[in-house]
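Trainee: After the sequence you'll find the predicted model.
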Amino acid sequence: MRVELLCTGDELVTGLTPDTNSPFLEARLFALGIKVERVVLVGDVREDITRGLEEAAARADVVIVSGGLGPTADDFTAECAAAAARVPLVEDAATREALAERARKRGRELTPNVARMALVPQGAEVVPNPVGAAPLFIVRLGDCQLFFLPGVPREYRALVDGEVLPRVRAELERRPGRVWRAFRLLRTVGLPESVLDARVAPLAVAHPRVVFGFRTHAPENQLKLMAEAPSQAEADAALAAAEAAARAELGPAVYGADEDTYAAVLARRLTDAGATLALAESCTGGLVASQLAAIPGASAFLVGSAVVYAERMKTAWAHVSPELLARHGAVSRPVAVAMAEGIRAACATTYGLSVTGVAGPTGGTPEEPVGSVYCALAVEGGPTRSERFSLSGDRELIRLFAASHALELLREHLLSSASRP
């Protein structure tokens, strides 16, 4: 099945708004075994949108269109859909009534511009929007089925998951002689992409039914496995064998799969262990805490966090002695250790995690150049571990990898603790 995406809006082609809908849908379709053939961005020009629809319909079996279905003057995708289908726009009575009811609930009257969202190409299938106003409508051009969705990400995603994907899946299953696919995304940390590629290269030869691919999403690298076979059972079996081999080869570098996030996996390990954590961050400025606090239920393990950017705050909040700071400097192993131990003691937690470094672009010294980072993990009743890292890149990348290295220090400890009897 050939699938293309067409996204409309001047904000997309001028760079004012990034296209987040397409990556979301591409991942969803890839999980079905469909690789999107083409993604086209079109500005708010009627002729360009109409021509884009006609060209995409001539190439693809399914085209998924987003944007331009709202109430404003630059929302004319429905007009372009009607022009491409060579049919007039007509009012969908159910949609108009839904729009009127929506307005009444807000104490308003249905205005003519809002009522325009009830206009769809004649003969289109109309599907109500469960979280917004503009409906999804479906039009057929020749052998191609076109889905038209609002561009608002929340509405787009609800309609994709609730309406578009089930229809695409059903169509896929009806096709004779189809190739069945199974997909897994393995997420790794601590392995450069080139090393990951070299380590799994022999596996690709041993598993010919599985396509091995790679994706970098700093600070992690991801291994994509897609099995293809004449039946779903064969595809699932081929994928399972390749995944088992990849996990055996990569070991603890694989932290999770598919929708897992690094922070969520770490949060589960902390929660399962009944452990608590306190943080003292300097160069990362709260980035570690922010990642962990984004996980629902973080209060079960995250007790507190201190952004100790200035030296006096390292003393006030993490209890690092001024003498130690004067003797070794803020970016040093002894200070990282003192920060971790001080914040753990202050918060009475199982673990204290610290990070201090030079994120740049200025501030480095010959001894500790830009990119020098120290992380330390203090453990209740055990020795404190510390590591030094030399990171490269701009300020944002150094801070991102510094946070990742600090969390990896904790994950490695949790893994080793879980493996001990």
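Mentor: Alright, I've got the coordinates. Numbers count the residues shown, from 1 in each chain.
Trainee: need the contact list for Arg395.
Mentor: Taking C-beta atoms under 8 Å, 6 or more residues apart in numbering as the criterion, Arg395 is in contact with 359-361. C-beta coordinates here come from the backbone N, C-alpha and C atoms, glycine included.
Trainee: Weed out the non-buried ones from these.
Mentor: Those of the contacts of Arg395 that meet the buried threshold are 359-360, by 16 or more other C-beta atoms under 10 Å.
Trainee: Please tabulate the contacts of Arg395 in a markdown table and include distance to Phe389, pLDDT and secondary structure as additional columns.
Mentor: A markdown table is the format used below for those (distance: C-beta to C-beta, whole Å; pLDDT from 0 to 100; DSSP: H, G, I helix; E, B strand; the rest coil):
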| residue | distance to Phe389 | pLDDT | secondary structure |
| --- | --- | --- | --- |
| Ala359 | 12 | 96 | coil |
| Gly360 | 14 | 95 | coil |
| Pro361 | 18 | 95 | coil |
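Trainee: Mind putting the contacts of Arg395 into TSV with distance to Met339?
Mentor: Shown next, in TSV, are these (distance: C-beta to C-beta, whole Å):
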residue	distance to Met339
Ala359	16
Gly360	20
Pro361	24
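Trainee: Quick check: of the contacts of Arg395, which lies closest to Ala73?
Mentor: Using C-beta to C-beta, Pro361 is the member of the contacts of Arg395 that lies nearest Ala73, at 44.6 Å.
Trainee: isn't the closest one right next to Leu397, touching?
Mentor: No. Between Pro361 and Leu397 there is no contact under C-beta atoms under 8 Å: 11.6 Å.
Trainee: quick one: which helix or strand includes Glu387?
Mentor: Assessed by DSSP states H and E, Glu387 sits inside strand 385-390.
Trainee: For whichever helix or strand comes after that strand, which residues meet the burial criterion?
Mentor: Next along the chain after strand 385-390, taking DSSP H and E as the criterion, comes helix 395-419. Within helix 395-419, the residues scored as buried using 16+ other C-beta under 10 Å are 397-411, 413-414.
Trainee: same check, this time on stretch 280-296
Mentor: Of the residues in stretch 280-296, 280-285, 287-289, 291-293, 295 count as buried by neighbour count, 16+ other C-beta under 10 Å.
Trainee: Need the residues that contact that stretch.
Mentor: Against stretch 280-296 from outside (C-beta under 8 Å, 6+ apart): 262-264, 266-267, 277, 279, 298, 301-302, 305-309, 314, 317-318, 330, 339-340, 342-343, 352-359, 373, 398-400, 402-403, 406-407.
Trainee: Go through those and flag which are in helices.
Mentor: Using DSSP state H, 262-264, 266-267, 314, 317-318, 339-340, 342-343, 398-400, 402-403, 406-407 are the members of the contacts of stretch 280-296 that sit in helices.
Trainee: which residues are in contact with the host helix or strand of Arg184?
Mentor: Secondary structure assignment for Arg184, by DSSP H and E: strand 180-188. If you take C-beta under 8 Å, 6+ apart as the criterion, strand 180-188 is touched by 30-33, 196, 220-232, 234-236, 238-239, 243, 246-247, 250, 253-258, 260, 262.
Trainee: circling back: now, which of the buried residues of stretch 280-296 lie within strands?
Mentor: Residues of the buried residues of stretch 280-296 located in strands (DSSP state E): 280-281.
Trainee: among the buried residues of stretch 280-296, which are in helices?
Mentor: 287-289, 291-293.
Trainee: Among these, which one sits closest to Thr365?
Mentor: Leu287 (23.2 Å).
Trainee: tell me which residues in stretch 315-327 are buried?
Mentor: Buried, per 16+ other C-beta under 10 Å, within stretch 315-327: 315, 317-318, 320, 324-325.
Trainee: Between which two of those is the distance greatest?
Mentor: The most widely separated members of the buried residues of stretch 315-327, counting by C-beta to C-beta, are Trp317 and Leu324 (14.8 Å).
Trainee: what's the burial count for His328?
Mentor: Residues lying near His328 (other C-beta atoms under 10 Å) number 15.
Trainee: correction: Arg154
Mentor: 10.
Trainee: Now for the residue nearest to it when sequence neighbours are not counted: which residues touch it?
Mentor: Excluding the flanking residues, the one nearest Arg154 by C-beta to C-beta, 6 or more residues apart in numbering is Val131, at 5.9 Å. If you count contacts by C-beta under 8 Å, 6+ apart, Val131 has them with 154-155, 158.
Trainee: Any chance of the buried residues of stretch 280-296 in JSON lines with pLDDT as columns?
Mentor: Listed next are the buried residues of stretch 280-296 as JSON lines, based on pLDDT from 0 to 100:
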{"residue": "Ala280", "pLDDT": "98"}
{"residue": "Glu281", "pLDDT": "98"}
{"residue": "Ser282", "pLDDT": "97"}
{"residue": "Cys283", "pLDDT": "97"}
{"residue": "Thr284", "pLDDT": "97"}
{"residue": "Gly285", "pLDDT": "96"}
{"residue": "Leu287", "pLDDT": "97"}
{"residue": "Val288", "pLDDT": "97"}
{"residue": "Ala289", "pLDDT": "97"}
{"residue": "Gln291", "pLDDT": "96"}
{"residue": "Leu292", "pLDDT": "97"}
{"residue": "Ala293", "pLDDT": "96"}
{"residue": "Ile295", "pLDDT": "96"}
